[in-house]
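Enquirer: how would this look folded up:
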Amino acid sequence: MIAAVAATAAIRAEPHQARMLVESGNDVVAIAPDGTRRRLLRGAGDSAYSPDGTLLAFARDGDLWLANADGSGQRRLTATRHVVEWGPAWTSDGSAIVYTARVGAARQIRLLRLSTGLSARLAGGAGGEDWSPSLTAKGMLAFVSTRDGPPAVYVADGDGRGVRPFDATSPQTPPGSINDVSWSPDGSRLAYTIHADDGTSAVAVDDGTTQTTVTDAPGYAQHPVWSPTGSRIAYDGGDGKLYSIAADGSDVRALGGGRPFDWRVVPTGRPRFPDLSQRPPSDLLVVRNGKGRWLLGFTSTVDNRGPGILWITAHRVGKAAVMQVEQRVQLAGGGVRTLPHSGELHYANAPPHHHWHYLGFDRYSLRRAGDLKALVRDRKSGFCIADHWGLAPGVRHGPPRFLGDCDQYEPKARSVVEGSSVGYTDRYPGFFHGQDLDITKVPNGLYWLVHQANADFHLREARYDNDTASLLVRIRWHGGTPTVTPLRACRKETC
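Expert: This is a model prediction of the structure:
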C-alpha cells in the first residue's frame with residue numbers, strides 16, 4: 001500500500017501557486033491570484049510563510065505562534081512575561097525565526113530556534129532600539145535602529161555581527177520613524193515605510209544608494225510586501241484598503257481590504273495530517289530492581305485519530321549510525337508532501353527487541369503537584385511505530401499498513417519505513433524499553449505522572465492540544481517500600 005502511494009506521489013507533484021497573507025479584521029487570510037480569500041487564523045497578526053511554504057509564524061496577544069500553512073496545528077512558541085513579541089521573519093533554512101521584542105520600554109531583535117525553543121538577542125540594547133527585521137535567502141539581516149541617532153536602516157550578518165548602515169548617504173531630513181522593512185526576493189533592494197513627523201507615511205524602495213518614494217506623498221501608505229517575482233509591492237493604503245504597485249511606482253491596483261504580511265509561491269495541496277492523541281497513563285506497577293532501585297512502571301497509549309496517517313521514512317548516508325527522518329503527508333485528491341528534518345531513528349538493543357527506534361515519540365515525567373517541577377524524567381530508548389493495535393476509541397480503521405517491525409535484527413539497514421494508520425494505537429506496557437521512572441528518592445506527596453507525545457514537535461499534526469495527558473498519584477513510603485495510588489486521570493498536563 002505505501003509503495004503504491006509513493007509511486008503515485010512521484011507522478012503527481014503537489015501544485016504551487018502565489019498566495020498573499022493579509023490581515024482582514026482580526027484574522028489572517030490567504031489571497032489567491034484570482035482574488036479568492038481563505039481565512040487561516042483567527043485573532044492573529046504579523047504572519048509569515050516558512051521558506052518551504054508549509055508553516056506559518058504569527059503573532060497573537062503579544063506572543064509568537066506557529067501553525068501549518070492551512071491554519072491547523074496551532075501552537076504557542078513563546079510565552080514571555082512582560083515582553084511583547086511581533087514581526088516574525090524566517091531564516092533561509094526554516095530552522096529559526098527572527099522577530100521584534102519589546103523588553104521594558106525598548107525594542108530589540110531576537111532569534112528563536114525552533115529545535116530548542118531558546119531565544120537569543122541579535123541586536124538592541126546598546127545605546128538605542130532595534131526593530132523590524134528582514135532576512136534575505138543568503139542570510140543578510142536588515143533592520144531599523146536608533147543606535148546612531150535618528151531611525152535608519154542597517155544591515156548585518158545573520159548572526160547579528162558586522163552591523164553597518166544600509167544607505168551610503170543619510171537623508172537630509174531624518175524621518176520620524178521607519179517600519180516594515182522587507183527585502184526584495186533577490187536581496188538587492190529594500191522596501192519600507194517612512195513615517196513623517198506630521199503623521200503621514202509613504203512606501204520607499206531603497207537599493208543602498210538611492211531611496212525612492214513609490215507611493216503618493218503626503219499619504220498614509222504602509223506595510224510594503226514584495227511579490228514573488230519582485231516586480232510589484234503590496235501595501236496598506238492607510239484607509240483599510242489593500243493595493244499593489246509596480247516597483248517603480250506605476251500601475252496602482254486596488255485589491256480589496258486588508259493589510260499585507262507576506263506574498264510568495266507556496267504548495268497548495270490539502271494535507272491530511274495525523275492527530276496523535278495521548279491517553280492518560282494506566283496499569284501502574286512498582287517493582288524493585290536488582291540494584292535496589294524502586295521503579296514505577298506504566299502503560300503508555302497514543303492513538304492516531306487522523307484524518308491522515310503518520311508515515312515516516314528514514315535513511316542514513318555513508319558511515320552514519322543514525323537515520324534522518326522525513327515525514328510524508330498524504331494530500332487530499334492524491335500526491336504526497338515530504339517534510340525533512342522530522343527526527344531521528346537509532347538502532348536499539350533492548351532485549352527481546354532489537355530494531356530501529358524513533359526518538360522522542362513519547363516522553364514521561366513525574367512532576368510535583370504543587371509547582372509542576374519535574375523530579376524524574378524517563379530513560380526511554382525510543383519507539384518502533386507500527387500498526388499493531390487498532391484500538392483508537394470511536395475511530396474506524398482499515399487493514400494495517402505499517403507492519404515492517406522496524407527492521408528488527410537489521411542493524412546495518414540503510415532505510416526504514418514506520419508509521420501509524422488512522423484508528424491505530426501505539427501501546428507500550430510497563431518496563432518495556434525503559435517504560436518506567438525511578439522513584440527511589442521521591443518523597444511522600446502528590447504528583448502528576450505526565451505523558452507527552454511528540455514533545456519536540458518534530459512531527460506535523462492536525463492539532464497538538466491533545467498530545468499530553470496525565471495521572472494524579474499519591475506516593476507513600478512504609479518501611480522503605482513505596483505505594484503509588486492513582487487518584488485522577490486527565491486529558492491534559494493537569495486538571
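Enquirer: Would you mark the buried spots in the one helix or strand residue 452 maps to?
Expert: Using DSSP states H and E, residue 452 falls within strand 445-453. By neighbour count with 16 or more other Cβ atoms under 10 Å, strand 445-453 contains the buried residues 447-453. Yep, even glycine has a C-beta here, placed from its N, CA and C like the rest.
Enquirer: The nearest residue to residue 145 once chain neighbours are set aside: what's it in contact with?
Expert: Using Cβ to Cβ, 6 or more residues apart in numbering and skipping residues adjacent in sequence, the residue nearest residue 145 is residue 130, 4.6 Å away. Residues near residue 130 by Cβ atoms under 8 Å, 6 or more residues apart in numbering: 100, 107-109, 123-124, 143-147, 154.
Enquirer: Need the per-residue pLDDT for residue 130.
Expert: The model reports residue 130 with a pLDDT of 94.
Enquirer: now swap in residue 171 and tell me
Expert: For residue 171, the model assigns a pLDDT of 61.
Enquirer: With residue 460 instead?
Expert: Reading off the model, residue 460 has pLDDT 97.
Enquirer: that older thread, centre of the chain to the strand holding residue 452, how far?
Expert: Offset of strand 445-453 from its chain centre (Cα atoms, centre = their mean, to the nearest Å): 25 Å.
Enquirer: ok, now stretch 286-306?
Expert: Taking mean C-alpha positions (Cα atoms, centre = their mean), stretch 286-306 and its chain are 30 Å apart.
Enquirer: For it, output the C-alpha coordinates as CSV.
Expert: Extracted in CSV, the C-alpha atoms of stretch 286-306 (Å, rounded to 0.1, in the frame of the first residue of the first chain):
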residue,chain,number,x,y,z
VAL,A,286,6.0,-0.6,41.4
VAL,A,287,9.0,-3.1,41.5
ARG,A,288,12.4,-3.2,43.0
ASN,A,289,15.2,-3.9,40.5
GLY,A,290,18.4,-5.9,41.1
LYS,A,291,20.3,-2.7,42.1
GLY,A,292,17.8,-1.9,44.9
ARG,A,293,16.1,0.9,43.0
TRP,A,294,12.3,1.3,43.1
LEU,A,295,10.8,1.7,39.6
LEU,A,296,7.3,2.9,38.7
GLY,A,297,6.1,1.1,35.5
PHE,A,298,3.1,2.1,33.5
THR,A,299,1.3,1.7,30.2
SER,A,300,1.6,4.4,27.6
THR,A,301,-1.1,4.7,24.8
VAL,A,302,-1.0,7.1,21.8
ASP,A,303,-3.9,6.9,19.3
ASN,A,304,-3.8,8.3,15.7
ARG,A,305,-7.2,9.9,15.3
GLY,A,306,-6.5,11.2,11.8
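Enquirer: For residue 142, see how far away the residue nearest to residue 145 is.
Expert: Distance of residue 130 to residue 142, given as Cβ to Cβ, to the nearest Å: 11 Å.
Enquirer: shared neighbours, these two?
Expert: residue 154.
Enquirer: Looking at the buried residues of strand 445-453, spot the one nearest residue 437.
Expert: residue 449 (7.7 Å; Cβ to Cβ).
Enquirer: Mind listing the residues bridging to the closest residue to that closest one other than its chain neighbours?
Expert: Take residue 449 and drop its neighbours on the chain: the residue closest to it by Cβ to Cβ, 6+ apart is residue 471, 4.6 Å away. Per DSSP bridges, the residues bridged to residue 471 are residue 449, residue 489.
Enquirer: how about the strands in the stretch 101-250 of the chain?
Expert: All strands of the stretch 101-250 of the chain, identified by DSSP state E, counting those that start in this stretch, fall at 106-113, 119-123, 130-135, 141-145, 152-156, 164-165, 177-183, 190-195, 201-206, 211-213, 222-226, 232-236, 241-246.
Enquirer: Now do the buried residues in the fifth one.
Expert: Put plainly, it is strand 152-156. Neighbour counts over strand 152-156 (16+ other Cβ under 10 Å) mark 152-156 as buried.
Enquirer: same thing with the fourth one?
Expert: Applying a neighbour-count criterion of 16+ other Cβ under 10 Å, one finds 141-145 buried in strand 141-145.
Enquirer: just the longest one next, same as before
Expert: Buried residues in strand 106-113, counting neighbours by 16+ other Cβ under 10 Å, are found at 107-112.
Enquirer: ok, and what's touching it?
Expert: 64, 77-78, 85, 91, 95-101, 118-125, 129-131, 133, 141, 143, 160.
Enquirer: State the distance from the closest residue to residue 160 other than its chain neighbours to residue 371.
Expert: Excluding its sequence neighbours, the residue lying closest to residue 160 (Cβ to Cβ, 6+ apart) is residue 122, at 3.6 Å. Look at residue 122 and residue 371: by Cβ to Cβ, they are 33 Å apart.
Enquirer: now swap in residue 455 and tell me
Expert: Taken as Cβ to Cβ, the span from residue 455 to residue 371 is 20 Å.
Enquirer: Look at those two and report which has more neighbours.
Expert: Shown here are residue 455 and residue 371; by other Cβ atoms under 10 Å, residue 455 has more neighbours (17 against 6).
Enquirer: what residue ranges in the stretch 151-300 of the chain score low on pLDDT?
Expert: By pLDDT under 70, the weakly predicted segments of the stretch 151-300 of the chain are 169-174.
Enquirer: This protein: helices as residue ranges?
Expert: Assigned by DSSP state H, the chain shows helices spanning 2-11.
Enquirer: Give me the domain ranges for it.
Expert: The record's domain split for the chain, according to automatic domain parsing, is 16-267, 276-490.
Enquirer: The first one: end-to-end distance?
Expert: If I follow you right, that is domain 16-267. End-to-end distance for domain 16-267, by Cα to Cα, to the nearest Å: 4 Å.
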